[in-house]
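**Student:** sequence and predicted structure are below.
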Amino acid sequence: MKTMDHEAFFQQIYEDYYSRVLSYIKARVNNPHDAEDLTGDVFFKCYKNIEKYDPEKAAASTWVFVIANNTLKNYYRDNKQEASIDNMEGFDVPYEEEFDQAMRLNEISEYLDGLLSTLDETKRQVLILRYYEDMKTKDIGEKLGLTPANVRVILSRTLQQLNVRVQDEEVLQIL
């Protein structure tokens, strides 16, 4: 990507993903002000690292959400508080459970991102457009030059393939 293209690319990802990243972070952080700050941090990191983005390795949405996940992990790590008898009054256990769940979801997300990177470009794009960008099969087909039926077949077979790999590796124990 040429230097001149970096600003236009950043502007595009900011417009396309700001509200989605903010919603994603708000769902994982209890403080709306922190969520807004973290979203700003995500896009600052995107801007700062725009030259490192490689469209052949991942879609822009994947790149942005990996940065968002890493920013959240740093936030959780930096905001851990030591519990003591003195500060236990008002301590709410569900927040601790929510934190553990958010960290587990981050681990799962990283694992799934790794799985996505093993797929060929068409399969990866179909999954990202369907599940990250919430596009309908008809719209995915138009964007990628495929029929909606072909998109559904790719989705089904790819999900089966990933499911087999996940079961074989016995990695995900969500519940």
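**Tutor:** Cool, the structure landed.
**Student:** which SSE is the closest residue to Tyr14 other than its chain neighbours in?
**Tutor:** Distances taken as Cβ to Cβ, 6 or more residues apart in numbering place Phe43 nearest to Tyr14, at 5.8 Å, with adjacent residues excluded. For glycine as for every other residue, the C-beta is placed from the backbone atoms N, C-alpha and C. Using DSSP states H and E, Phe43 falls within helix 32-48.
**Student:** quick check: buried residues in that helix?
**Tutor:** Buried residues in helix 32-48, counting neighbours by 16 or more other Cβ atoms under 10 Å, are found at Ala35, Leu38, Thr39, Asp41, Val42, Phe43, Cys46.
**Student:** of the residues you listed, closest to Lys73?
**Tutor:** For Lys73, the closest of the buried residues of helix 32-48 turns out to be Leu38, at 11.0 Å, with distances computed as Cβ to Cβ.
**Student:** residues in contact with the nearest residue in space to that closest one that is not next to it in sequence?
**Tutor:** Excluding its sequence neighbours, the residue lying closest to Leu38 (Cβ to Cβ, 6+ apart) is Ile25, at 5.1 Å. Contacts for Ile25 were tallied using Cβ atoms under 8 Å, 6 or more residues apart in numbering; they are Ala35, Leu38, Thr39, Val42, Ala68, Thr71, Leu72.
**Student:** gap between the residue lying closest to Met135 once chain neighbours are set aside and Ile140?
**Tutor:** Distances taken as Cβ to Cβ, 6+ apart put Leu129 closest to Met135, at 4.6 Å, once the chain neighbours are dropped. As for Leu129, its distance to Ile140 is 5 Å (criterion: Cβ to Cβ, to the nearest Å).
**Student:** and what of Lys73?
**Tutor:** 30 Å.
**Student:** and the two? which has more neighbours close in?
**Tutor:** Shown here are Lys73 and Ile140; by other Cβ atoms under 10 Å, Ile140 has more neighbours (23 against 16).
**Student:** let me know the pLDDT of that one.
**Tutor:** For Ile140, the pLDDT comes out at 92.
**Student:** likewise for Tyr95?
**Tutor:** For Tyr95, the model assigns a pLDDT of 46.
**Student:** so what's the residue count around Asp5?
**Tutor:** When neighbours are counted by other Cβ under 10 Å, Asp5 registers 11.
**Student:** with Ser117 instead?
**Tutor:** 11.
**Student:** next up, the contacts around it.
**Tutor:** Lys57, Ala58, Arg124.
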